[in-house]
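Trainee: Requesting a structural model of the entry that follows:
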Amino acid sequence: MKKNALACIAGLAGVALAAVAQAGTVRDDGLKPYEVVGDIAIPKPLTDKPGDPANGRKLVANRKKGNCLACHKIEQMKDFLFHGEIGPELTDIASNMPASEMRLRLVNPKIVNPDTIMPAFYRVDGLYRVMKKFQGKPILTAQEIEDVIAFLVTLKAPK
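Mentor: Residues are numbered from 1 along each chain as shown. Okay, the predicted model is just below:
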């Protein structure tokens with residue numbers, strides 16, 4: 001009985017050490033791990049490199065990447081035509097939502113609202129009707145998520 005208990009404890013310790021060793025590394029599916037807090041936020045950035053707001057702006061408008069303008073209006077991006085009206089306006093998002101909450105909504109908005117039609121930009125599992133060339137790949141990389149957030153935190157309504 002003692003041998004089994006010791007083997008069990010040793011096994012659990014090994015699992016715990018493996019989990020600690022994997023913290024901060026890339027998962028089997030290629031995504032970097034993150035922690036969701038309170039089902040509303042991912043407080044820590046997905047990368048060690050700060051987001052680039054200029055690249056984030058490009059991603060927001062890029063129809064093959066973020067394509068945010070397909071659903072959202074952003075007054076500060078009037079130079080792009082055809083803003084959508086399906087999602088909430090993002091013109092003043094930085095005044096209304098912290099970056100940590102924006103991050104969760106980009107990574108996997110279904111955690112916040114299971115009925116949302118907004119895509120999960122940093123998820124590869126549990127998706128349906130994914131084109132073969134995109135299977136196992138997120139829409140945006142971890143750095144691109146941080147770039148989009150760096151842009152979104154600049155969006156405040158003009159006074």
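
Trainee: show me what contacts the residue most central in space within the chain?
Mentor: Centroid check for the chain by C-alpha atoms, centre = their mean gives V107 as the closest residue, at 2.2 Å. By C-beta atoms under 8 Å, 6 or more residues apart in numbering, the contact list for V107 reads 34, 42, 46, 120-123, 145. Using the backbone N, CA and C atoms, a C-beta is placed for each residue, glycine as well.

Trainee: What segments of this protein are helices?
Mentor: Using DSSP state H, the helices found in the chain span residues 2-22, 53-61, 93-96, 99-107, 142-152.

Trainee: Now render the contacts of V107 as a markdown table, adding neighbour count, distance to R63 and pLDDT.
Mentor: Listed next are the contacts of V107 as a markdown table, based on neighbours: other C-beta atoms under 10 Å; distance: C-beta to C-beta, whole Å; pLDDT from 0 to 100:
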| residue | neighbour count | distance to R63 | pLDDT |
| --- | --- | --- | --- |
| Y34 | 19 | 26 | 93 |
| I42 | 24 | 26 | 97 |
| L46 | 23 | 23 | 97 |
| A120 | 20 | 18 | 93 |
| F121 | 22 | 14 | 93 |
| Y122 | 21 | 19 | 95 |
| R123 | 17 | 20 | 92 |
| I145 | 28 | 18 | 97 |
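
Trainee: and the two most separated of those?
Mentor: L46 and A120 (13.5 Å; C-beta to C-beta).

Trainee: Next one, pLDDT for M131 please.
Mentor: On pLDDT, M131 comes in at 81.

Trainee: ok, it - how many residues close by?
Mentor: 6 (other C-beta atoms under 10 Å).

Trainee: what does T116 give?
Mentor: The local packing of T116 (other C-beta under 10 Å) involves 14 other residues.

Trainee: Same check on V148?
Mentor: When neighbours are counted by other C-beta under 10 Å, V148 registers 27.

Trainee: List the residues that contact it.
Mentor: Contacts of V148 (C-beta under 8 Å, 6+ apart): 51, 56, 59-60, 66, 68, 106, 140.

Trainee: at 7 Å what do you get?
Mentor: 56, 59-60, 66, 106, 140 (C-beta atoms under 7 Å, 6 or more residues apart in numbering).
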